[in-house]
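Peer 1: Fold the stuff below for me.
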Amino acid sequence: MNTTDILKLKSGTDVRGVASPLLGRKVTLTCEATELIARAFCTWLARKTGKDTLKIALGNDSRITADALVAAFESGATQSGADVYYTGLSSTPSMFMILQDKARGYDGSVMITASHLPADRNGLKFFVPEGGLEGGDVDEILSIAAGGDLAKGEGAVHKDYFMGEYCAQLVERVREACGSQRPLEGKKIIVDAGNGAGGFFTEKVLEPLGADTAGSLYLEPDGTFPHHAPNPEDKAAIEALKAAVLENRADLGIIFDTDVDRAGAVDVRGEEINRNRLIALVSASLLKKRPGTIVTDSVTSNGLTKFIEAHGGRHHRYMRGYRNVIDECKRLNDAGEYSPLAVETSGHCAFKDNYFLDDGAYLITEILIILAEQLKKGERLYDLVKDLEEPAEAAEIRLPVNRDDFREYGQRALEALGRAAAHMEGASIAVPNYEGVRVNFSEQCGDGWLLARMSLHEAILPVNTESNSKGGCKKMAAALLAVLQNFGDIDCTALKNYIDG
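Peer 2: Residues are numbered from 1 along each chain as shown. Below you'll find the model as predicted:
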């Protein structure tokens, strides 16, 4: 592969690409590229640790290209002198947790996954004992792969199936918190794994805690994802889980993404516990133990801010991107401000007491503990968030930016929005704000807020808006359109269709 092709495989803090021609797209993450990246990772890690012989853990989710890319990684790593320990079908969080077992002595780990992306995609996530690699680290690894100055040696492949131990840790956490070996005895809990890697949660976590999991959906791994995308934000996935909860009269429904670093839930009424509700639920539980700061991404609601403050906390609304949110939460703690939770509305949720690891299974164990506590009091999960103010309507609209310099062009449009908002009737710029332009609108002019920002990875200008009044979002969208129509390379079709719809 040429240098440009290798470098293009970077996606934030991961490597991602098309790994199969299944959907008619050109394959970019080939076995050749994966082998080369494996050698580069081992070269980078050897330089970082000063070790001649490395010990690397390797896992994968259920994707159709997993076996081929695992074999390619094993080939590349062993050619670099590393010993590779294959963990089989795994969750991404488990690949970090295995590094915390000092007796095993791993120097790093890699997960073969592309999270919730379509079935033809795949990728690599990298970990060292201190945490996931940063974007700059991935740049270095891909530059080493492109440059060809690679370590050489002779390693071997071994097996180390860690998932059983990882699940036992989750079970013990719930038992200890609830003071019972089977705190979910007699409770019906449905899991929708979407044919990803999360099917383990029924047999390995819920059933040992006493739960009845009959009626659970799509537990078998199948990388074609034949039923729906394994994604807590996917509407078809949530509707399937809602129907299963109601049909089985379940106490709780759980949904994971493909590699189990995100999760969502549905309550006994078939109502979604996602986005602001999910954040409110977990925040209420944490803040009851100790007041602190909850760090979220930029698109959370004003109602959530009021809820967190009413429960004795501070809401710090930061940037989109789960690593941004986590890093900001770490920064606050390092500065002496207690912050127990970093969470994105997408379902990425990282706890201070769990290494700031975004772990969907760990999030769900927290919800299981809350559920058990609520049921003891004769209450339900929704009783804990009944005071959360929900908007009357909400919308997300994604506007393509048709330019090579899309980021700079989009930024100019955002600056124009900021200037215009200063003179709009009933509008005011939200302060503080860390991403894009967030505008609050008075009751007469929209009764809510609108946030426009540039996507972290795509030539897209996403717009999020919420209103406390029906029709308010369209009013605010119209105010935005009046500004953006002066920027001809921003495709406002979706915004116009929303306003006219």
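Peer 1: Could you look up the SS state of the closest residue to residue 159 other than its chain neighbours?
Peer 2: Nearest residue to residue 159 in three dimensions, chain neighbours excluded: residue 86, at 5.6 Å (C-beta to C-beta, 6 or more residues apart in numbering). Bear in mind the C-beta positions are built from the backbone N, C-alpha and C, glycine included. Following DSSP: H, G, I helix; E, B strand; the rest coil, residue 86 is assigned to strand.
Peer 1: what about residue 86, how many neighbours?
Peer 2: Using other C-beta atoms under 10 Å, residue 86 has 19 neighbouring residues.
Peer 1: Could you do residue 501 as well?
Peer 2: Going by other C-beta under 10 Å, the residues that sit close to residue 501 add up to 6.
Peer 1: Buried residues, the one helix or strand residue 276 maps to. List them.
Peer 2: According to DSSP states H and E, residue 276 maps onto helix 275-289. Buried residues in helix 275-289, counting neighbours by 16 or more other C-beta atoms under 10 Å, are found at 275-287.
Peer 1: Straight-line length of stretch 421-433, end to end?
Peer 2: 14 Å (C-alpha to C-alpha, to the nearest Å).
Peer 1: Spatially, what comes nearest to residue 467 if we skip its sequence neighbours?
Peer 2: residue 448 (3.5 Å).
Peer 1: er, residue 410 actually
Peer 2: Counting by C-beta to C-beta, 6+ apart, the residue nearest residue 410 is residue 454, at 4.4 Å.
Peer 1: could you list every residue that touches that neighbour?
Peer 2: 401, 406, 407, 410, 411, 414, 436, 460, 461 (C-beta atoms under 8 Å, 6 or more residues apart in numbering).
Peer 1: out of the residues you listed, which are buried?
Peer 2: Buried among those by 16+ other C-beta under 10 Å: 401, 406, 410, 414, 436, 460, 461.
Peer 1: Need the max-distance pair from those.
Peer 2: Based on C-beta to C-beta, the longest span within these runs between 406 and 436 and measures 14.2 Å.
Peer 1: Check which helices and strands the longest helix anywhere in the chain sits against.
Peer 2: For the chain, the helix that runs over the most residues, judged by DSSP state H, is helix 31-49. Counting by 3 or more C-beta pairs under 8 Å, 6 or more residues apart in numbering; DSSP states H and E, the packing neighbours recorded for helix 31-49 are helix 3-7, helix 66-79, strand 108-112, strand 121-128, helix 135-147.
Peer 1: isn't there a strand covering the residue nearest to residue 410?
Peer 2: No: counting by three-state DSSP, one finds residue 454 to be coil, located in no strand.
Peer 1: How much space separates it from residue 86?
Peer 2: 39 Å (C-beta to C-beta, to the nearest Å).
Peer 1: how is the chain carved up into domains?
Peer 2: 3-161, 166-384, 393-500 (automatic domain parsing).
Peer 1: Show the end-to-end separation of the first one, please.
Peer 2: Okay, so that is domain 3-161. End-to-end distance (C-alpha to C-alpha), domain 3-161: 35 Å.
Peer 1: That one - what's its average pLDDT?
Peer 2: For domain 3-161, mean pLDDT is 96.
Peer 1: and that domain, how far from the chain's centre?
Peer 2: 19 Å (C-alpha atoms, centre = their mean, to the nearest Å).
Peer 1: what do you get for stretch 418-427?
Peer 2: With C-alpha atoms, centre = their mean, you get 34 Å for stretch 418-427.
Peer 1: Same check on stretch 234-246?
Peer 2: For stretch 234-246, the distance to the chain centre is 19 Å (C-alpha atoms, centre = their mean).
Peer 1: Could you give the number of residues near residue 378?
Peer 2: 7.
Peer 1: List the contacts of residue 253.
Peer 2: Contacts of residue 253 (C-beta under 8 Å, 6+ apart): 189, 190, 191, 192, 241, 242, 244, 245, 265, 266, 267.
Peer 1: try 10 Å
Peer 2: 188-192, 215-217, 238, 240-246, 264-268, 270, 272-273 (C-beta atoms under 10 Å, 6 or more residues apart in numbering).
Peer 1: repeat for residue 402
Peer 2: Residue 402 neighbours (C-beta under 10 Å, 6+ apart): 409, 459, 488, 489, 490, 491.
Peer 1: pLDDT score assigned to it?
Peer 2: pLDDT, residue 402: 97.
Peer 1: Please report how far it lies from residue 499.
Peer 2: Residue 402 is 20 Å from residue 499, by C-beta to C-beta.
Peer 1: try residue 429
Peer 2: Taking C-beta to C-beta, one finds residue 429 at 22 Å from residue 499.
Peer 1: Same question for residue 364.
Peer 2: Counting by C-beta to C-beta, the gap from residue 364 to residue 499 is 39 Å.
Peer 1: Any idea which residue is closest to the centre of this structure?
Peer 2: residue 348 (3.5 Å; C-alpha atoms, centre = their mean).
Peer 1: doesn't residue 309 fall inside a helix?
Peer 2: Yes: under three-state DSSP, residue 309 falls within a helix.
Peer 1: Quick check: closest non-adjacent residue to it.
Peer 2: Counting by C-beta to C-beta, 6+ apart, the residue nearest residue 309 is residue 315, at 6.6 Å.
Peer 1: That neighbour: neighbouring residues, count only.
Peer 2: Residues near residue 315, counting by other C-beta under 10 Å: 19.
Peer 1: Which SSE is immediately downstream of the one helix or strand it maps to?
Peer 2: Here residue 315, judged by DSSP H and E, is contained in strand 314-317. Next helix or strand after strand 314-317 toward the C-terminus (DSSP H and E): helix 322-334.
Peer 1: Check which helices and strands the next helix or strand after that next one is in contact with.
Peer 2: Elements were assigned by DSSP H and E; along the chain past helix 322-334, the next helix or strand is strand 341-343. Packing partners of strand 341-343 (3 or more C-beta pairs under 10 Å, 6 or more residues apart in numbering; DSSP states H and E): helix 275-289, strand 293-296, helix 322-334, strand 349-351, helix 360-376.
Peer 1: For the shortest one, what does the pLDDT average out to?
Peer 2: This means strand 349-351. On average, strand 349-351 scores 97.
Peer 1: And the contacts of stretch 478-485?
Peer 2: So stretch 478-485 is contacted by 397, 399, 413-414, 416-421, 424-427, 437, 439, 441, 445-446, 450, 452, 461, 463, 465, 477, 490-492, 495-496, 498-499 (C-beta under 10 Å, 6+ apart).
Peer 1: buried ones in stretch 232-242?
Peer 2: Neighbour-count burial for stretch 232-242 [16+ other C-beta under 10 Å]: 232, 233, 234, 237, 238, 240, 241, 242.
Peer 1: Might you calculate how far it sits from the centre of the chain?
Peer 2: 16 Å.
Peer 1: do the same with stretch 240-250
Peer 2: 24 Å.
Peer 1: State the mean pLDDT of that stretch.
Peer 2: 98.
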